[in-house]
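[1] no sequence on this one, just coordinates:
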C-alpha cells in the first residue's frame, strides 16, 4: 500500500491466489476498492467476460492480446478512473458546501426520499424548531414507534393529518409555498411557522424526494 499502483492487471489463472480472489480482496479493502482492475484470462466468450465484470473488474482482456491493445485498455481505464475520482471529489466538495449552508442558515430544513415521507433528515435549526434531538426522525407519518408525540401541526385551527403536511405533499409532487402552520407542543406552548416545500426531481423529471423549509414567525 505504501507504493500503491494506479491500476491492477490480474491474471485469472495465477497459481495460489487467482485473479478473482485478488479482485475480491481489492474490492473489500476500503483503501483500494476504487482502483481499476483489468482481468487477463485465457477464457474467451461472453460468459467468461460477463463473469469477470460481474465480479467487479473494470475490463476483461482475453489472451492472446497485443501490447498495443493492452496499453490502449490500460490508458482508457486510467482515464476513466481519473474522471471518477474528479467527479467524486467535486461531489464531496459540493456536499460539504451544502452541509455548511444548512448548518449556517437560521431556517429549519428537512429532506425525505420516501414517497410517504416516513423518514426525514433535518439540520440543527430544524431540530431546535421542533424541540428534538439532532438526527431524530421528525416525520408524523413515520411508523408509530418512531413517530414524535410531543407536538401536533395545525392550519387555521384544524389539526393536519400526516398526508396534509407540506413535506408529505411535496413528496407526491406538489409545490407548497408560503403556508402558515401552528405547531402545538404537549407542554401547552406553540409556535407559528412559515413553510415552503418542493419535490426533488430526478433526471427524468420524476419525484425522488422532497425538501421542506420552515421559519419561525411567531413574533
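    Received the coordinates, thanks. What you are looking at is a predicted structure, and each value in this text was computed from that prediction instead of being measured.

[2] Show me which strand runs longest in this protein.
    strand 190-201 (DSSP state E).

[3] now for it, which elements pack on it?
    helix 166-170, strand 176-185, strand 207-216 (3 or more CB pairs under 8 Å, 6 or more residues apart in numbering; DSSP states H and E). For the C-beta atoms, the positions are set from N, CA and C on the backbone; glycine is no exception.

[4] Residue 154: which of these is closest?
    Nearest of these to residue 154, taken as CB to CB: strand 176-185 at 4.4 Å.

[5] Off-centre distance for the closest one?
    28 Å (CA atoms, centre = their mean, to the nearest Å).

[6] Give me the buried stretch members for that strand, please.
    Neighbour counts over strand 176-185 (16 or more other CB atoms under 10 Å) mark 176, 181, 182, 183 as buried.

[7] in the chain, which spans are helices?
    19-27, 46-54, 67-104, 124-129, 166-170 (DSSP state H).

[8] tell me the mean pLDDT over the third one?
    Put plainly, it is helix 67-104. Summarised as a single mean, pLDDT over helix 67-104 is 88.

[9] That one: which residues count as buried?
    73, 74, 77, 81, 102.

[10] and of those residues, the nearest to residue 63?
    Among the buried residues of helix 67-104, and counting by CB to CB, the member closest to residue 63 is residue 73, at 12.9 Å.

[11] wait, isn't that closest one in contact with residue 38?
    Yes. Here residue 73 reaches residue 38: they are 6.0 Å apart, a contact under CB atoms under 8 Å.

[12] intersection of neighbour lists for these two?
    Taking CB atoms under 8 Å, 6 or more residues apart in numbering as the contact rule, residue 73 and residue 38 both touch 59, 61.

[13] got a list of what the residue lying closest to residue 74 once chain neighbours are set aside touches?
    Nearest residue to residue 74, sequence neighbours excluded (CB to CB, 6 or more residues apart in numbering): residue 7, at 6.2 Å. Neighbouring residues of residue 7 by CB under 8 Å, 6+ apart: 35, 36, 37, 38, 74, 77, 78, 81.

[14] confidence score at residue 7?
    At residue 7, the model reports a pLDDT of 77.
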